[in-house]
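In: Model the following, please.
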Amino acid sequence: MKIILTLIMCSYTSQSCLPPLVWHENFIDMYECMNAGYSESLKKAEKIGREEINKHGIYIRFTCTEEIKKEKTIT
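Out: Numbering: from 1, shown residues only. All right, here's what the predicted structure looks like:
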C-alpha cells in the first residue's frame, strides 16, 4: 500500500486556499502518514509564525489517501 500526504494551507479571512502540496515522500500506512501530517503542519505553522497566522486566519489541513492504481485498458 502506498499512502500519499497532501497539505492544504487556507485562510478563513480571504476564504481561499493555496494549491495543495503533495508531500515528497510516500508512506507505508495511514498511521505514519497521519503522524507526518500533524508534524509537518506544526512545523509550517511555526515557520509562518503567530502574527501572520492570526492576521490572515491561516489554518492547515491535510489528507492521507491511498494511491489508486489505474488499470490499463486494451482496445
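In: How far away from the center of its chain is the helix or strand harbouring I60?
Out: Element membership for I60 (DSSP states H and E) is strand 58-66. Computed by C-alpha atoms, centre = their mean, to the nearest Å, the chain-centroid distance of strand 58-66 equals 4 Å.
In: Pairing partners for it, with directions?
Out: strand 3-11 (antiparallel) (DSSP bridges).
In: The partner strand: which residues count as buried?
Out: Buried residues in strand 3-11, defined by neighbour count with 16 or more other C-beta atoms under 10 Å: I3, I4, L5, L7, M9, C10, S11. (Glycine included, C-beta is placed from N, CA and C.)
In: Contacts for stretch 2-22, please.
Out: Contacts of stretch 2-22 from elsewhere in the structure, counted by C-beta atoms under 8 Å, 6 or more residues apart in numbering, are 23, 25-30, 32-33, 36-37, 40-41, 44, 55-67.
In: Quick one: end-to-end distance for it.
Out: Using C-alpha to C-alpha, to the nearest Å, the end-to-end distance of stretch 2-22 comes to 13 Å.
In: Do me a favour and average the pLDDT over that stretch.
Out: For stretch 2-22, mean pLDDT is 96.
In: Likewise for stretch 59-74?
Out: pLDDT averaged over stretch 59-74 gives 82.
In: before we move on, what about stretch 34-51?
Out: On average, stretch 34-51 scores 97.
In: give me every residue that touches K55.
Out: Taking C-beta under 8 Å, 6+ apart, we find K55 in contact with T13.
In: Off-centre distance for the host helix or strand of it?
Out: Taking DSSP H and E as the criterion, K55 maps to helix 50-56. Computed by C-alpha atoms, centre = their mean, the chain-centroid distance of helix 50-56 equals 19 Å.
In: Please identify the buried residues of it?
Out: Across helix 50-56, burial judged by 16+ other C-beta under 10 Å covers I53.
In: how far away is A36 from E66?
Out: 15 Å (C-beta to C-beta, to the nearest Å).
In: Give me the more crowded residue out of the two.
Out: A36 (18 against 12; other C-beta atoms under 10 Å).
In: That one belongs to a helix, doesn't it?
Out: Yes. According to DSSP: H, G, I helix; E, B strand; the rest coil, A36 belongs to a helix.
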